[in-house]
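Engineer: Based on what follows, work out the 3D shape:
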Amino acid sequence: MPTGTATRAPLLGEPLAVEFMNTVWAERSGVHDALTTADEVAAWLRAAPRIPDCADREPHRWLAVASTRDLEETGKRLRELRDAVRRLAATQTEDPREHAASAVADLVQAISVINHATAQAPHWSRLDWRDGVEPRRLVQTGSKTPAAITAGIAEQAIHLFTSEQRHELRACLAPGCVLYFIKQHPRREWCSAACGNRARAARHYQRHKAGDRTR
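Structural biologist: Take a look at the predicted model:
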């Protein structure tokens, strides 16, 4: 059974599809994958934004009983989908970062992976309206939870890349960063304040280095 460890992936308050892309992250020791082990998969699913159109709280109920093997298989599905989504992100943003390159090199393959994921878990709405309770929409699917999870995330990726929001998607070009973010403010240049500080420090160093060479 998975432990209660916290995810190592940065959670920046971005839309679900972008947070999912950012399960590949970097620090001084190199680039890391936050969906490698069963514990890491469980930790990210607990911490990630709610997956729309995935039966209400179903992933959390499933995590309480999922075996290590269940989570490892789900992790494999998620990594394949995540790499496909990062390929789309790189194409949309014209991402120049070689160290951030997706394992999926082909755009057509990436689209196929995403479409396959959504097809694995068709879902439908059901109206719930009992006496004394406000009417509400419930989402149901006949698929198993792992398929519903990947389908729900794939749906959000499709929504991102077919909406106007795709034009605000950015690759963070701070030194060493591999993350993406939505440019929600005209002056925002980096995924986080920490990356902004690193980028400014790198620029300062380069200016002084260039100045020393001209003396």
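Engineer: all contacts plus neighbour counts: C-alpha atoms, from now on.
Structural biologist: Will do.
Engineer: okay, now R130: neighbour count?
Structural biologist: Using other CA atoms under 10 Å, R130 has 9 neighbouring residues.
Engineer: And it, how far from T162?
Structural biologist: Distance of R130 to T162, given as CA to CA, to the nearest Å: 36 Å.
Engineer: what about the strands in this structure?
Structural biologist: With strands called from DSSP state E, the chain shows them at 24-27, 30-33, 123-128, 136-141, 169-171, 180-182.
Engineer: just those strands: most buried one?
Structural biologist: strand 180-182 (a mean of 24; mean count of other CA atoms under 10 Å).
Engineer: and it, what other elements does it pack with?
Structural biologist: With contacts taken as 3 or more CA pairs under 8 Å, 6 or more residues apart in numbering; DSSP states H and E, strand 180-182 sits against helix 16-21, strand 169-171.
Engineer: try 6 Å this time
Structural biologist: strand 169-171 (3 or more CA pairs under 6 Å, 6 or more residues apart in numbering; DSSP states H and E).
Engineer: who does the strand it packs on pair up with?
Structural biologist: Note on strand 169-171: by DSSP bridges, its sheet partners are strand 180-182 (antiparallel).
Engineer: now the partner strand: mean pLDDT?
Structural biologist: Mean pLDDT, strand 180-182: 97.
Engineer: Quick check: buried residues in stretch 82-101?
Structural biologist: For stretch 82-101, burial by neighbour count (16 or more other CA atoms under 10 Å) applies to R82, D83, A84, V85, R86, R87, L88, A89, A90, Q92, D95, A100.
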